[in-house]
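Participant: Sharing a model that was predicted from the sequence below.
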Amino acid sequence: MKKRIAIIGSTGSIGTQALEVIEKLNDRFEVTALSAGNNIKLLEEQTEKFHPKYISIENTKAAQDLKNKFKNITVFYGDEGLNQIAELNETDIVLVAVSGKTGLIPTIKAIQKKKTIALANKETLVMAGDIIMKLAKENSVNILPVDSEHSAIFQCLNNAKSVKHLIITASGGPFFRSSKEEIENADLSETLAHPRWKMGKKITVDSATLMNKGLEVIEAHHLFNIKYDDIKVVIHPQSYMHSAVEYKDGSIIAQIGIPSMHIPIQYALTYPERTEGIETESFDFIKAWQLEFFEPDFEKFPSLKLAIEAGKKGGTATVCLNAANEEAVMAYLDKKIKFTDIYKITKLVYDSYKPINNPTIEEILSEDEKIRTETKNIINNKDIV
Ligand code: NDP
Ligand code: MG
């Protein structure tokens, strides 16, 4: 039987790569539902190619246009449309590939409907990791990581009780070798020129500040139930070692391969099986002869430190971190602030915030809203230290 898949965010970097994997393995998968934000043209192309029964788009007018064009397809719209896609009876796997906070509620809805979750959207775990992991356990739902580092750890983890450290690798981003002054003056095109990965804009900016790695430490803490002090970050510019697990007996198991998101996406979709897929080229150890590893520079990349601090604090501290950072990143992409202001603003908001312990989802959403408003006010008033 084919696995029936719904993709939340099918027009993005992860969504389109997932569809490439699915196209290659079309004897195993059926696309039941697709959803987009604003990219109606691409959603139309995907619909014509993959014949889903359900699609969703953010805007009502676009939804009407799609209804007129695809008479036999059910078209949803807005945030509620994503929830409807997440809850469909006719799916087995929901791939959550939207960016930012939009992933949270659809993920909850899909878990409640006992869908297997292929989770790319790390912000979901950053905002509500405790709730999500508990809910997944209660509903006996597998959360299969798509993020390459977490997929790597997931593949290396065979004895959770004996783990000494998780080792999360980071490419270091475009500014790894830049001076503080160069980073201060970096323009948007330099920030978006990631040396290894072609990704959506939000995660690309987060990769440049290393906030992405901080969010990934929080993601790993929740996914694998490992203490923050037992998670190490190592800079590895070649991005061949995607992460590793160090065991108490001194053995380290690492997952290595070419840097391609097709591989972790495919593993999440075919799990527990491994099949031939889109990447057919073997990793060339001789060509990749030099693997370098460095300690992260917390002074040049303070966002990483702030994220780990927020993770340790727990409660809604990570909601604050995520919301303030996301708003600051959006402002940076809109050219309203400088690159280094992203951290300054996030820190300013974070430092004045009092977290709630053991929050409910309603509290998480209302805190998120409050923090976003406050962050936007700071940005608009240019109230930056
Ligand atoms: P993109 O920005 O490329 O794609 C985001 C997707 O979400 C698009 O399909 C977009 O639609 C859709 N979307 C955004 N906002 C809304 C909304 N309000 N309603 C409905 N749909 C919406 O992001 P990425 O694919 O790069 O990243 C997705 C997630 O995966 C992120 O959380 C990221 O951290 C994570 N991730 C990404 C990796 C990568 O290599 N790209 C690696 C590891 C994790 P549209 O384009 O139509 O507007
Ligand atoms: Mg990653």
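Facilitator: Received it, and whenever you're ready, just let me know what you need. Ligands and ions are numbered 1, 2, ... in the order given.
Participant: quick one, phi/psi of Val245?
Facilitator: As for Val245, its main-chain torsions (degrees, to the nearest 10) stand at phi -120, psi 130.
Participant: Surely it touches Gln155?
Facilitator: No - counting by Cβ atoms under 8 Å, Val245 does not reach Gln155; the two are 9.2 Å apart. Glycine gets a C-beta too; all of them are placed from N, C-alpha and C.
Participant: So if I had to pick from these two, which one is more boxed in?
Facilitator: Neighbours per residue, other Cβ atoms under 10 Å: of Val245 and Gln155, the larger number sits with Val245, 26 against 20.
Participant: which residues touch the more buried one?
Facilitator: Ile153, Cys156, Leu157, Val163, His165, Leu166, Ile167, Ile252, Ile253, Ala254 (Cβ atoms under 8 Å, 6 or more residues apart in numbering).
Participant: can you tell me which of those residues are in helices?
Facilitator: Here DSSP state H is the test, and those give Ile153, Cys156 as lying in helices.
Participant: ok, and the most crowded of the contacts of Val245?
Facilitator: Of all the contacts of Val245, Ile153 has the most neighbours under the rule other Cβ under 10 Å, reaching 28 neighbours.
Participant: where does the residue lying closest to it once chain neighbours are set aside land on pLDDT?
Facilitator: Spatial nearest neighbour of Ile153, chain neighbours left out: Ser243 (5.0 Å); criterion: Cβ to Cβ, 6 or more residues apart in numbering. Reported pLDDT at Ser243 in the predicted model: 98.
Participant: next one: the one 4 residues further on
Facilitator: What the model reports for Tyr247 is a pLDDT of 98.
Participant: Count residues in the vicinity of the closest residue to it other than its chain neighbours, would you?
Facilitator: Of all residues not flanking Tyr247 in the chain, Ser162 sits nearest, at 5.0 Å (Cβ to Cβ, 6+ apart). Ser162 has 12 neighbours, counted by other Cβ under 10 Å.
Participant: got it, and the one 10 residues further on?
Facilitator: Number of residues near Gly172 (other Cβ under 10 Å) recorded here: 24.
Participant: go on, Arg274?
Facilitator: Neighbours of Arg274 using other Cβ under 10 Å come to 11.
Participant: Wasn't it part of a helix?
Facilitator: No - per DSSP: H, G, I helix; E, B strand; the rest coil, Arg274 lies outside any helix segment and is coil.
Participant: ok now do it, which residues does it touch?
Facilitator: For Arg274, the contact set (Cβ under 8 Å, 6+ apart) comprises Tyr267.
Participant: Need the residues that contact stretch 276-286.
Facilitator: With Cβ under 8 Å, 6+ apart as the test, stretch 276-286 has contacts from 20-21, 24-25, 240, 256-258, 260, 262-263, 266, 270.
Participant: So which of those residues is surrounded by the most neighbours?
Facilitator: Gln266 (26 neighbours).
Participant: gap between that one and Gln17?
Facilitator: Per Cβ to Cβ, to the nearest Å, Gln266 is found 9 Å from Gln17.
Participant: Please see if the one helix or strand the residue nearest to Ile153 maps to touches ligand 1.
Facilitator: In this assignment (DSSP states H and E), Ser243 forms part of strand 241-247. No - counting by Cβ under 6 Å from any ligand atom, ligand 1 is not contacted by strand 241-247; separation bottoms out at 11.0 Å.
Participant: please begin residue numbering at 55 from this point
Facilitator: Let's use 55 as the start, then, which means that last one is strand 295-301.
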